[in-house]
Structure formats: structure tokens, C-alpha cells
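coordinates only, sequence not included:
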């Protein structure tokens, strides 16, 4: 793999030397409201030069890390199945090379491709999920491969007791009933108890998926399906800090739709979330 001319800031290590590999999954063909998340990965890279590599929150610097930016995958539009296969194949290659994947969405369905690869590579994988939406539908308008169903599909791979959701404030009654039945752990409305749940996962392989609409739309309007009542950046930062010391095998950020926020504030926040995640999970 070759270095990208417009890599995310600080992610310019050679592939052979990298511990973590960033890549984009610019796909939003099942978006149910406002499209545009496919432009998220490119916006993150372009706007990352507006932030520092150094984090005052963690006293760590991306410049000290070995992270490679592989650029965006070429994904077909329309049928999500081949797009998910391409994501799964790429993550599988990264894992076989002894590295860990960081995926930039794209709509949230792209998480399923990564989880397929991680579940095959890491028996006993756990999923930490931050989102406004439960994403636990059996299908959405007859489509089982939808961003509204992605966590249900992940549950089918991982089974009961392996998925913990936080910030959930939107979904159908059936989705909330499914969670209440014990299939997944769901923290409604906020991220209370995230640090305690994370501590229980020490020593276990974990994948983290962050749908950026977990943030309140007053701070983060640049997303396809904004939901009032979200958490603050400070609350999300506390969750990120709680990941230190866990065996994080990969993570993703999804649902930045930069065209929905012409101010650029949402993209700037997403850049900082990515920086803080990289610094927190890097051993």
C-alpha cells in the first residue's frame, strides 16, 4: 500500500511500520433521510489540517504514532452486499498483516463489513456502540442490509451479551423490546455507565463503532439523521478516555455528512473525535 498525498493529519507512517491503518468507506446507498455521508472520509482528511496533532486532553501527539492512511476504498453504489464484501476483505488483509483497522464512514451499515472480518479474526469479540439510533430493526422497508439494521446484523454474528449500546434515543418499539429482552445491553438517552462497562471488557477483544449522531445536533448538525437530546463533545471525550487500556481491535466513525453543515463545525468536531480515538486506543 502507498502513502496518500492527502492523509489525515499525522497518519503518514509507512504501511510496513504502522500499527493502525485508517481507510475510508464512502458508501451511503441505504441512507433513509439526508444523504451525503459518502463524502465524510474525504472531508475528514481535508479539514484535519485545521487541528493540531497534539491533544491537550491526553498529552499525546499523533506525530509520535505509527498510523497509515490507506485512502478510500472504491465501493459500488446501489447494492450494499458487494460494498460490505470489499470492506470485509480489506479489513481481513489489515488483520492478517498484524495491524488494526480504523474505518471512516460512510453510513453506519459499513460497520457490518468490518465486524464480519473482526469476528472471524477475534473469537469472543465485543462491540461498544455509541449512537442516537438503536439500529436493531430486523429489516427496514424490506431491506435487511440497511443502516437501520446494522447492529441487528452484528448481533447475529456475535450473539447475546456481546453488544453494549450507549446514547440511544430513537428507534421502533420492537427495537427497544429486543434490547429489553437481553439480546444487547442498551443505555437509553445518554452514556451513563460507559466507563464501568468498558472496565468489564478489559482483557477481551473489542470493536468500537461511533455513529456521530450520538452528539446533540445543536453541536453536530452535519449528519443524515439528526436526533435532539444528544450528548456533548465533553461526554463523548469521557467515553473515549475510558477506552485506554482496553484491547481495541478496531474502530470506526460513521455518518458525518459534511454537506448538511455548511459551517464546517461538524467536520471539525469529527476530526477531533478521530484524533482522540487514535490517541486513546494506541498502545
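Nice, thanks for sending it over. It should be emphasised that the depicted structure is a prediction, and the values quoted were computed from it without experimental measurement.

list the buried residues in stretch 206-218.
Under the neighbour-count criterion of 16 or more other C-beta atoms under 10 Å, stretch 206-218 has 206, 207, 208, 209, 210, 211, 212, 213, 214, 215, 216, 217 buried. Heads up, the C-betas are built off the backbone N, CA and C, glycines and all.

run the chain-centre distance for it.
Here the centre of stretch 206-218 is set off from its chain's centre by 7 Å, with C-alpha atoms, centre = their mean, to the nearest Å.

start to end distance for it?
From its first residue to its last, stretch 206-218 covers 30 Å (C-alpha to C-alpha, to the nearest Å).

again with stretch 10-25
The first and final residues of stretch 10-25 sit 20 Å from each other (C-alpha to C-alpha).

okay, buried residues for that stretch please.
So, applying 16+ other C-beta under 10 Å, buried residues of stretch 10-25: 10, 11, 12, 13, 15, 18, 20, 21, 22, 23, 24, 25.

quick check: closest non-adjacent residue to the fourth one.
Of all residues not flanking residue 13 in the chain, residue 66 sits nearest, at 4.3 Å (C-beta to C-beta, 6 or more residues apart in numbering).

show the pLDDT at that neighbour.
Here, the pLDDT recorded for residue 66 equals 97.

also residue 263?
In this prediction, residue 263 carries a pLDDT score of 96.

next, count neighbours for it.
Neighbours of residue 263 under the rule other C-beta atoms under 10 Å: 9.

for residue 254, give me its contacts.
Applying C-beta atoms under 8 Å, 6 or more residues apart in numbering to residue 254 gives the contacts 37, 40, 105, 106, 107, 108, 110, 111, 209, 210, 211, 212.

recalculate using a threshold of 7 Å.
If you count contacts by C-beta atoms under 7 Å, 6 or more residues apart in numbering, residue 254 has them with 105, 106, 107, 108, 110, 111, 209, 211, 212.

thank you, goodbye.
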